[in-house]
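**Student:** What would the 3D arrangement of this be:
(2 chains)
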Protein chains: 2
Amino acid sequence: MTCEAASELGVPTVVLAARSDDAAAPVASEVLVGEADDTDAVRALARRCDVVTFDHEQVDLDGLHALECEGVVLHPSVETLRVAVDKAEMRVRLSAAGIPVPGFEVLGVPGTVHDPEDVAAAIAAFAASRAEKWPVVLKAVRGGYDGKGVWPVENEVAARQVADEAALASTPLLVEAHVDIDTELAVVIARGADGTTAAWPPVETAQIDGVCREVRYPGDLDVDLAARAESIALEVAAVVGATGVLAVELFASGGDLVVNEIAARPHNSAHWTIEGSTTSQFENHVRAVLGLPLGDTSPLARNVTSVNVFGAAPGETRGPADGLSAALAVRGAHVHLYGKAPRAGRKLGHVTVCGDDPVEVRGRAWSAARALGTPVPDAIGLGTP
Amino acid sequence: MTCEAASELGVPTVVLAARSDDAAAPVASEVLVGEADDTDAVRALARRCDVVTFDHEQVDLDGLHALECEGVVLHPSVETLRVAVDKAEMRVRLSAAGIPVPGFEVLGVPGTVHDPEDVAAAIAAFAASRAEKWPVVLKAVRGGYDGKGVWPVENEVAARQVADEAALASTPLLVEAHVDIDTELAVVIARGADGTTAAWPPVETAQIDGVCREVRYPGDLDVDLAARAESIALEVAAVVGATGVLAVELFASGGDLVVNEIAARPHNSAHWTIEGSTTSQFENHVRAVLGLPLGDTSPLARNVTSVNVFGAAPGETRGPADGLSAALAVRGAHVHLYGKAPRAGRKLGHVTVCGDDPVEVRGRAWSAARALGTPVPDAIGLGTP
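**Tutor:** Numbering: from 1, shown residues only, chains lettered A, B, ... in the order given. Here you go, the predicted model:
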């Protein structure tokens, strides 16, 4: 979608992808086949470009740092990427800046794995030190996404089991206090290299098993909470020195806000901006990394809902394309399919609906997503169709 | 832009283009190099596609008819294309259906060229037969666009000169009554193969030297006139049996409407629908030719202005990309650059602005277009910046 936005502005894009038939290939001006964590491949990409940017975090920070030293322009920079890639770094940097995060402790020096017995003991000590005690949440310092690399544990035995598995996989861990989540929300910001920012209004997100299923603007967010979330996100952007789009995911708990995750790239929680805002996150990402003025981030409708499209149950042979006609029959449904092969649980696209009435907008977005084969989780609370 | 719309829906596109670096190449899934009027090249394209559609009229109708007989699915069909490609066919078909067109006469059997002396005599007889006499308008039956192939003539001497040149170039002619134009307007419609239609609201267009410079929704169009224009356009769509997008350009003269041109493809007069309507003309074209339900064509703002971006004066070395930053600094300016090499008078992109106040919206659209190097014609009436 970033390539599509660049294409509209007449800006050619070269994509480094693991496969020549990557979903971005048809809309990129050129595709280089290679791995994003292979420094030579990124160097070859940089030779064809003025600016290198990213749409995921599976990168080699040391290799990228070497490229920066060679004069390659990376937006976001390695310093920003480090915070987005490494949860320990993120927690340390944000809490040092006074930004609210869940209580946490890095288990050993980042990048090393301690003896699982020591790790389990440290987890137990962390739990004991906190008023709310167990459960606590263990997280892989790197590589987690969409609920992967996150383990809530109820007691020392469970903690030891995760510590054992993490040691086997050489995965450094972080322990965090469990947060009683009232609401999950996200604030997405575009920030230029000159520090100018443009924030889209905060949205309410529905995550099930750690995977984002639905994004609603403005959702049921309290106005004051939304304003505080936006101000926290702007602080985060300044602290991490982001250039391009930065997504800040927060938990609201008992009236307080804590930052859960950040992503230094266009993010699922702002796909709604393609139709729902004057300027999409993808266009503003392109503008920001090229040093162009940021576009207006005002919403274009009173209510916008975006629903992710997933592959249906295992064994289901129909893909979302088979439901395209039914989905497009839903009034105002903006369907985006990413051209990926269907697979159960794989994110294959999204649907956005804009309108006045929040219930109707949400209902239509889910109708279209359901027509495209997306299972509707009970937790979404729409009831039987 | 059709490829971009298809890409969003996850629909792969194969483009037949004269050059591998055609402006559509970066956004098409695949490019075949060949000429659109080469039947073998179109056959090779058809083998790679379920449906073949068009974005210009430089096609070989007989060759396409042969392909239809072979079972190739063309949307629009050859029958529709014939009306859009051949001005004589268009005038005859529309007037036979009772649709208002300027007074006209086909000069000889379509497809043949008469002796220039006979042609000039027929033109003089046509002028003499009409209350308003001279001037009359001569048109090439085929191949004209953007003001090319149209010659207003004031008297028999001028008519003879055009007739001589047309005979030399083997160009069959049509003579039409001169219309005193109060307003130029366009209605763009999407029509499915099943006859369902969705019309965007009529727009006012500003043509200078036969080239569209500006499109305004709703412009200064009288509500009743706009409603009649829409109803005429829907009749035209039914008469020509269009599948896909059909643009109908009309003249308003003394309260009456006549159809000037039609185009059976996405059209410059509906580029504003990308940001200005729930569904863009490009998405509805894709939907229509694939047999998918048509999307909502409601406007999203009270006023929308689209301005075409042209190459600057001859000798000017700056292209629109050099003005991108200044253009994007204009609030709400949606910039589309087509990635074409700049050349004086060449259409290189367009800018759209949506908003409440028509004067402000128009002013901002022209500011952005001017920043991109577009000369602002005096006839547009914006005055000195």
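**Student:** Surely A:V179 touches A:V258?
**Tutor:** Yes. Using Cβ atoms under 8 Å, A:V179 makes contact with A:V258 at a distance of 6.3 Å. Placement of C-beta: from N, CA and C, glycine included.
**Student:** Reduced to three states, what does A:E176 come out as?
**Tutor:** strand (DSSP: H, G, I helix; E, B strand; the rest coil).
**Student:** Okay, and the beta partners of it?
**Tutor:** A:E176 has these beta-bridge partners by DSSP bridges: A:F104, A:V137.
**Student:** check contacts around it.
**Tutor:** Counting by Cβ atoms under 8 Å, 6 or more residues apart in numbering or on different chains, A:E176 touches A:91, A:102-104, A:136-139.
**Student:** Check A:V11 too.
**Tutor:** The contact partners of A:V11, taken as Cβ under 8 Å, 6+ apart, are A:286, A:290.
**Student:** Read off the pLDDT value for it.
**Tutor:** pLDDT recorded at A:V11 is 95.
**Student:** what do you get for A:E57?
**Tutor:** Note for A:E57: predicted pLDDT of 89.
**Student:** Can you say which helix or strand has it in it?
**Tutor:** Take DSSP states H and E as the rule and A:E57 turns out to sit in neither a helix nor a strand.
**Student:** Mind giving me the packing neighbours of the helix or strand harbouring A:D118?
**Tutor:** Using DSSP H and E, A:D118 sits in helix A:116-129. The contact analysis (3 or more Cβ pairs under 8 Å, 6 or more residues apart in numbering or on different chains; DSSP states H and E) places helix A:116-129 against strand A:136-140, helix A:156-168, strand A:173-177.
**Student:** Toward the C-terminus, what is the element adjacent to the last one?
**Tutor:** Moving toward the C-terminus from strand A:173-177, the next helix or strand (DSSP H and E) is strand A:183-191.
**Student:** does that following strand come close to chain B?
**Tutor:** No. Strand A:183-191 stays clear of chain B (Cβ under 8 Å from any Cβ of the partner chain), getting no nearer than 12.3 Å.
**Student:** Contact residues of chain A facing chain B?
**Tutor:** Residues of chain A lying near chain B (Cβ under 8 Å from any Cβ): A:4, A:7-10, A:12-13, A:26-29, A:278, A:287, A:291-293, A:295-296, A:300, A:320-321, A:324-325, A:328-329, A:331-332, A:335-339, A:349, A:354.
**Student:** What segments of the stretch 1-150 of chain A are strands?
**Tutor:** Assigned by DSSP state E, counting those that start in this stretch, the strands in the stretch 1-150 of chain A fall at A:14-17, A:30-33, A:104-106, A:136-140, A:150-153.
**Student:** Can you check the distance spanned by stretch A:339-350, start to finish?
**Tutor:** End-to-end distance of stretch A:339-350 (Cα to Cα, to the nearest Å): 12 Å.
**Student:** same thing with stretch A:193-205?
**Tutor:** End-to-end distance for stretch A:193-205, by Cα to Cα: 28 Å.
**Student:** Show me what counts as buried in it.
**Tutor:** Using 16 or more other Cβ atoms under 10 Å in any protein chain shown as the test for burial, stretch A:193-205 gives A:193, A:197-205.
**Student:** now stretch A:67-83
**Tutor:** Neighbour-count burial for stretch A:67-83 [16+ other Cβ under 10 Å]: A:67, A:72-83.
**Student:** Kindly report the same for stretch A:299-315.
**Tutor:** A:299-301, A:303-312.
**Student:** Only alpha carbons, please: show that stretch as CSV.
**Tutor:** Provided in CSV are the C-alpha atoms of stretch A:299-315 (Å, rounded to 0.1, in the frame of the first residue of the first chain):
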residue,chain,number,x,y,z
PRO,A,299,-11.0,12.3,9.6
LEU,A,300,-13.5,12.4,6.7
ALA,A,301,-16.4,10.7,8.4
ARG,A,302,-17.9,10.6,11.9
ASN,A,303,-17.3,6.9,12.2
VAL,A,304,-14.9,4.6,10.5
THR,A,305,-14.5,0.9,11.0
SER,A,306,-11.8,-1.3,9.5
VAL,A,307,-11.9,-5.1,9.8
ASN,A,308,-9.1,-7.4,9.0
VAL,A,309,-9.8,-10.2,6.5
PHE,A,310,-8.4,-13.6,7.5
GLY,A,311,-8.2,-16.9,5.9
ALA,A,312,-11.1,-19.2,6.9
ALA,A,313,-11.0,-22.5,8.7
PRO,A,314,-8.3,-25.0,7.9
GLY,A,315,-9.4,-27.1,4.9
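**Student:** Wait, A:I189 touches A:V240, no?
**Tutor:** No. The pair A:I189 / A:V240 is not scored as a contact, 10.7 Å apart, by Cβ under 8 Å.
**Student:** any residues in contact with both of those two?
**Tutor:** Joint contacts of A:I189 and A:V240 (Cβ under 8 Å, 6+ apart) are A:L246.
**Student:** Work out the gap between the helix holding A:D118 and the centre of the chain.
**Tutor:** Centroid separation between helix A:116-129 and its chain, computed with Cα atoms, centre = their mean, to the nearest Å, is 29 Å.
**Student:** buried set for that helix?
**Tutor:** A:116, A:119-124, A:126-127.
**Student:** Could I get the contacting residues of the residue lying closest to A:D180 once chain neighbours are set aside?
**Tutor:** Among residues not flanking A:D180 along the chain, A:S253 sits closest, at 5.3 Å (Cβ to Cβ, 6 or more residues apart in numbering or on different chains). For A:S253, the contact set (Cβ under 8 Å, 6+ apart) comprises A:179-182.
**Student:** any idea which of these is the one closest to chain B?
**Tutor:** Nearest to chain B among those: A:I181, at 32.9 Å, using Cβ to the nearest Cβ.
**Student:** Quick check: the closest one touching A:F251?
**Tutor:** Yes. Applying Cβ under 8 Å as the test, A:I181 and A:F251 come out as touching, 4.8 Å apart.
**Student:** quick one: which of those two has more around it?
**Tutor:** Remark: of A:I181 and A:F251, A:F251 carries more neighbours, 20 against 13, as counted by other Cβ atoms under 10 Å in any protein chain shown.
**Student:** Hmm, the more buried one is touching A:A186, no?
**Tutor:** No. Using Cβ under 8 Å, A:F251 is not in contact with A:A186; the gap is 10.6 Å.
**Student:** now chain A, which segments are flagged as low pLDDT?
**Tutor:** The model of chain A has pLDDT under 70 over residues A:108-113, A:144-146, A:383-385.
**Student:** what about the residue nearest to the spatial centre of it, distance to A:A247?
**Tutor:** Nearest to the mean C-alpha position of chain A, by Cα atoms, centre = their mean, lies A:H267 at 4.7 Å. Using Cβ to Cβ, to the nearest Å, A:H267 is found at 3 Å from A:A247.
**Student:** A:V307 too?
**Tutor:** Distance of A:V307 to A:A247, given as Cβ to Cβ: 18 Å.
**Student:** try A:T171
**Tutor:** Applying Cβ to Cβ to A:T171 and A:A247 gives a distance of 24 Å.
**Student:** Those two: which has the busier surroundings?
**Tutor:** Using other Cβ under 10 Å, the more surrounded residue of A:T171 and A:A247 is A:A247, with 24 against 19.
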